[in-house]
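Novice: what's the 3D shape of this:
(chains A and B)
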Amino acid sequence: MKLLKTSTLAGALALGLSAGFTPAFADTLVVGTTQTPRHFNGAIQSGIATFMATAQVFASPLKYDAEWNPEPYLAESWETSEDGLSVTLHLRDGVTFHDGEPLTSADVKFSIETIKENHPFQTMLAPVTEVETPDDLTAVIHLANPHPALMLAMSPALMPIIPEHVYGEGNIQENPANLSPVGSGPFKFVEYQQGDFYRLEKNEDFFLDGLPKMDEVIVQIIGDQANLTLSAERGDVDMVPFMSAIRDVQRLEKADGVSVSDDGYDAIGPLNWIAFNTQKPPFDDVRVRQAIGYAMNKDFILERLLGGVAKDSVGPITATSPMATDEVEAYDFDLEKAAALLDEAGLAPDADGVRFTATMDFIPGMAEMGRNMAEYMRTQLRPLGIEVEVRTAPDFPTWAQRIASYDFDMTEDSVYNWGDPVIGVHRTYLTSNIREGVIWSNTQRYSNPEVDALLEQAAVETDPEARAELYKTFQQIVVADAPILFINEVPFYTAYNDGLTGLPQTIWGAVSPWDEVEWTE
Amino acid sequence: MPPLVKRLASAIGLLVAVLVLNFLLIQMAPGDPVEVIVGEMGGASEELIARLRAEYGLDKPVIVQLGLYLSKVVTGDFGYSYYFNQPVLSLILQRLPATILLVVSSLMIAVVVGTLMGIYSARKPKGLLSHFVTIFSLVGYAAPVFWTGLMLLILFASVFPIFPVSGMQNVRGSETWIGAVLDVLHHLVLPSVTLASIYIATYSRLSRASMLDVLGSDYIRTARAKGLNERRVIFGHALRNGLIPVVTMVGLQFGQLFAGAVLVETVFNWPGLGRLAYESILRRDYPTILAILFFSAILVMVANILTDLAYGRIDPRIGGGRRKPSKPKGAAQ
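Specialist: Have a look, this model is predicted:
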């Protein structure tokens, strides 16, 4: 009885306390994320944390709908020349940066040059030779060769137009405006409390009428996933993009007043796979790699290990991309076929029934796709005579160093498409991209001249259908060669308060503008 | 050498040792900050990686890096954080207030609650409550602090949502100045209680033992014989002597408290130095880690000096040079 009294008292006290904390703005959106941004200048830094802020503060030439179609943004219209060697952008008139200065073609030129020089995704703008500015509202991008990937490279996350008068002087890497960015996007940057939150406010002069809907956006950084999930459940945060932790997604699915959705994010194309060290015996034998492919029960992985939350992945290009095909070897679960392939490869079992031993690594941090997957492999491959030793890594750099220095047999790995295959797919398969010490280069050391040739052709093919055809052949070869076994797409969910509409669910998901998000109640 | 100079010299020596040792330790961990940065960028070209390594001076031999680093620290320059993209000093200054708030409040809770519990159970050492205090403090001491934190979170932020889950303030903002202060205090409760939980045990056991000792001494019997009430006896006479070991412990445990803050801040998303330390270790952000360790070493040293001073005030026998203790006869032959 006394206990009850005390807890009522405590409850009343807390209620009194929290009553004092009503939101100051009715139209405030609080977004929760586990990612700490290094800074907010997406012209020189990639990664989800930077992309999210970049797409709010800056505007880009184009944006995309949910079906991979480009839409006018800063560019009202655009055209590609017959030979594919130049792309002309016609800019919207009267656009200003948040400091009131006009946005002109000179800023577009400056931004493209800065990105080409500094951005981690070098292939995005590699063929750009020059940007010509015949007048304030026209920018002509000249290319050394046709470069269809340029279209997706002009997306909000990848091509922020940054003001030359702010970022033009000195070493851009250390420009203070990287931490207090000035752009022309839907939201103005207000403040950053290091490691805690950053605050954006509505850009009243935004060039799209009636947008953005929110008066204020606060992005709260909550490093611990369990803590973030709890915050979403309680309604402390209104929206959590990029949720991958399966148990947390399932938990929020059941929470009152909160919904989850995996719409959007297609262009990010986050593939989760098992990679082989293809130059290390016995994995230099394609039959061994294929055998492991047939030995894995994908239905079990998707339904049980990943709780039905993640989508299937069959090849190197994310399933909804116009360049993707599903006409590839499916590696249907077949243990007999797997054993036969291993026999054929000359790997007979010894007296203890062991054919060979191998190590399995995984990216630390995501238990369901990492450790659980590795443990699954261990039990799944034992009957086949493959002894798997699961190797843990205490943190990301430890894992990355092993993989980038080829000190591994098999590893779970997550690599993203980032829009066009030229940006995020080619790097994994090109012989020319076998670079020791570089994580997410071709760390499998896979080399197939036919694949190299196909990728080179596809990079410069301007006809979308012909290009898709080239990529189809590429996908079929890679899946058959099996330097990588494709497992699933990393689930990216947005958890959101039921009172919200207009969620960012285009192909770029939450790394596109949140200008249409609004409260309905 | 005068004691103060001696003390200062040993402090400086210790600080240099802290820096050098930690520098080498961090270098031994696999991977470097560029790998992490590239990892979070979702991949990068070889050229960019080489450029970043050169920019950060990571391409030089370790011993050269160490020399460069020490020579900069001497001038008060703690370098530029690779990961957080700003000068380390400003980064630390932004995070320091939150940690001081957390550590000081935890210390206060631990000392006050712990000592009161200790005194109470010393008065009736065989009583039911005394046993309860013993069990309670041992459980608090034995439980890992992050686990205690998680349990408190589940209980008081999820099942009974009385307290906030994370951070130091409501990001939606408070309307008044008073509201903002209350908001921070509201956020402070769970983390500081969690951090205090381990130390309550120490202080309650310590003050219990010490008070038992003191309460059995002659002057207390005299005080009681004089007819003083129990309150005066305990708080006026016994506590002063009973507190001496507690004060020593406060100084000794300051460093541990800081270490505990790393875990508590991570669990509660408290934007302090502890979480920064955790984040920068994961990211191999050498300049930040080293500076944090450096400043925590200084904090611990200052705490120790303050302890000695306080000690001298409470216990006149330790006069710190005011009165030379007479040499015991027959010693040091």
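
Novice: check what pLDDT residue 280 gets.
Specialist: I'll assume chain A. Listed pLDDT for residue A:280 reads 96.

Novice: my question was about chain B, not that one.
Specialist: Reported pLDDT for residue B:280: 88.

Novice: next one: the one 5 residues further on
Specialist: pLDDT, the model's per-residue confidence, is 87 for residue B:285.

Novice: ok, it - contacts?
Specialist: Contact analysis of residue B:285 by Cβ atoms under 8 Å, 6 or more residues apart in numbering or on different chains lists B:33, B:81, B:82, B:83, B:84, B:279. C-beta here means a position set from N, CA and C on the backbone, and glycine is covered the same way.

Novice: mind doing that once more with 7 Å?
Specialist: B:33, B:81, B:82, B:83, B:84 (Cβ atoms under 7 Å, 6 or more residues apart in numbering or on different chains).

Novice: cool, residue B:38 as well?
Specialist: Residue B:38 touches A:120, A:439, B:44, B:49, counting by Cβ under 7 Å, 6+ apart.

Novice: switch the cut-off to 10 Å
Specialist: A:46-47, A:120, A:397, A:400, A:404, A:438-440, B:44-45, B:48-49, B:52 (Cβ atoms under 10 Å, 6 or more residues apart in numbering or on different chains).

Novice: ok, these vs residue B:128, which is closest?
Specialist: residue A:397 (53.4 Å; Cβ to Cβ).

Novice: touching, that closest one and residue B:83? I think so.
Specialist: No. Residue A:397 lies out of contact with residue B:83 (Cβ atoms under 10 Å); the separation is 11.4 Å.

Novice: let me have the contacts of residue B:38 in JSON lines, extended by distance to residue A:354, pLDDT and secondary structure.
Specialist: Shown next, in JSON lines, are the contacts of residue B:38 (distance: Cβ to Cβ, whole Å; pLDDT from 0 to 100; DSSP: H, G, I helix; E, B strand; the rest coil):
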{"residue": "A:46", "distance to residue A:354": "43", "pLDDT": "88", "secondary structure": "coil"}
{"residue": "A:47", "distance to residue A:354": "42", "pLDDT": "88", "secondary structure": "coil"}
{"residue": "A:120", "distance to residue A:354": "43", "pLDDT": "88", "secondary structure": "coil"}
{"residue": "A:397", "distance to residue A:354": "33", "pLDDT": "84", "secondary structure": "helix"}
{"residue": "A:400", "distance to residue A:354": "30", "pLDDT": "90", "secondary structure": "helix"}
{"residue": "A:404", "distance to residue A:354": "30", "pLDDT": "91", "secondary structure": "helix"}
{"residue": "A:438", "distance to residue A:354": "34", "pLDDT": "86", "secondary structure": "coil"}
{"residue": "A:439", "distance to residue A:354": "32", "pLDDT": "89", "secondary structure": "coil"}
{"residue": "A:440", "distance to residue A:354": "33", "pLDDT": "91", "secondary structure": "coil"}
{"residue": "B:44", "distance to residue A:354": "40", "pLDDT": "75", "secondary structure": "coil"}
{"residue": "B:45", "distance to residue A:354": "41", "pLDDT": "77", "secondary structure": "coil"}
{"residue": "B:48", "distance to residue A:354": "43", "pLDDT": "82", "secondary structure": "helix"}
{"residue": "B:49", "distance to residue A:354": "39", "pLDDT": "84", "secondary structure": "helix"}
{"residue": "B:52", "distance to residue A:354": "44", "pLDDT": "83", "secondary structure": "helix"}
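
Novice: between the residues you listed, which has the most around it?
Specialist: The most crowded member of these, judged by other Cβ atoms under 10 Å in any protein chain shown, is residue A:439 (27 neighbours).

Novice: that residue and residue A:317, how far apart?
Specialist: 21 Å (Cβ to Cβ, to the nearest Å).

Novice: can you check residue B:38 too?
Specialist: 23 Å.

Novice: and for the residue in chain A that chain B sits nearest to, nearest residue in space, chain neighbours not counted?
Specialist: Using Cβ to the nearest Cβ, the single residue of chain A nearest to chain B is residue A:397, 2.4 Å away. Nearest residue to residue A:397, sequence neighbours excluded (Cβ to Cβ, 6 or more residues apart in numbering or on different chains): residue B:31, at 2.4 Å.

Novice: the one you found sits in which helix or strand?
Specialist: Residue B:31 belongs to no helix or strand when assigned by DSSP states H and E.

Novice: then residue A:445?
Specialist: Using DSSP H and E, no helix or strand contains residue A:445.

Novice: over to residue A:50?
Specialist: helix A:48-57.

Novice: CA atoms only: put that helix into CSV for me.
Specialist: Listed next in CSV are the C-alpha coordinates belonging to helix A:48-57 (Å, rounded to 0.1, in the frame of the first residue of the first chain):
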residue,chain,number,x,y,z
ILE,A,48,24.3,8.8,-44.2
ALA,A,49,24.8,11.3,-41.3
THR,A,50,26.2,14.0,-43.6
PHE,A,51,23.8,13.2,-46.5
MET,A,52,20.7,13.7,-44.3
ALA,A,53,21.7,17.2,-43.3
THR,A,54,23.0,18.0,-46.7
ALA,A,55,19.7,17.2,-48.4
GLN,A,56,17.9,19.6,-46.0
VAL,A,57,20.3,22.6,-46.0
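
Novice: touching chain B at all, it?
Specialist: Yes. Among the residues of helix A:48-57, A:48, A:49, A:50, A:51 lie within reach of chain B under Cβ under 10 Å from any Cβ of the partner chain.

Novice: compare the residues you listed and tell me which is most surrounded.
Specialist: residue A:51 (28 neighbours).

Novice: report pLDDT for it.
Specialist: Residue A:51 carries a pLDDT value of 94.

Novice: how about residue B:12?
Specialist: Residue B:12 is given a pLDDT of 86.

Novice: give me the number of residues near it?
Specialist: Around residue B:12 there are 10 residues (other Cβ under 10 Å).

Novice: distance of the residue of chain A closest to chain B relative to residue B:139?
Specialist: 37 Å.

Novice: anything in contact with each of residue A:397 and residue B:83?
Specialist: B:33, B:34, B:36, B:282, B:283, B:284.

Novice: OK, contacts around the fourth one?
Specialist: What that stands for is residue B:282. Applying Cβ under 10 Å, 6+ apart to residue B:282 gives the contacts A:223, A:364, A:365, A:394, A:395, A:396, A:397, B:36, B:83.

Novice: give me that answer again for 6 Å
Specialist: The contact partners of residue B:282, by Cβ atoms under 6 Å, 6 or more residues apart in numbering or on different chains, come to residue A:395.

Novice: ditto for the one 10 residues further on
Specialist: By Cβ under 6 Å, 6+ apart, the residues touching residue B:292 are B:273, B:277.

Novice: ok, now with 8 Å
Specialist: B:92, B:273, B:276, B:277, B:280.

Novice: model confidence for the closest residue to chain A within the stretch 101-250 of chain B, exactly?
Specialist: Going by Cβ to the nearest Cβ, chain A is nearest to residue B:162 of the stretch 101-250 of chain B, at 4.0 Å. The model reports residue B:162 with a pLDDT of 89.

Novice: how about residue B:9?
Specialist: pLDDT at residue B:9 comes out at 84.

Novice: do the same with residue A:147
Specialist: 96.

Novice: got the residues of the stretch 101-250 of chain B near chain A?
Specialist: Contacts of the stretch 101-250 of chain B with chain A, taken as Cβ under 8 Å from any Cβ of the partner chain, map to B:150, B:153, B:157-158, B:160-168, B:170-176, B:179, B:182-183, B:186.

Novice: filter those residues down to just the buried residues.
Specialist: Buried members of these, counted by 16 or more other Cβ atoms under 10 Å in any protein chain shown: B:150, B:153, B:157, B:161-168, B:170-174, B:179, B:182-183, B:186.
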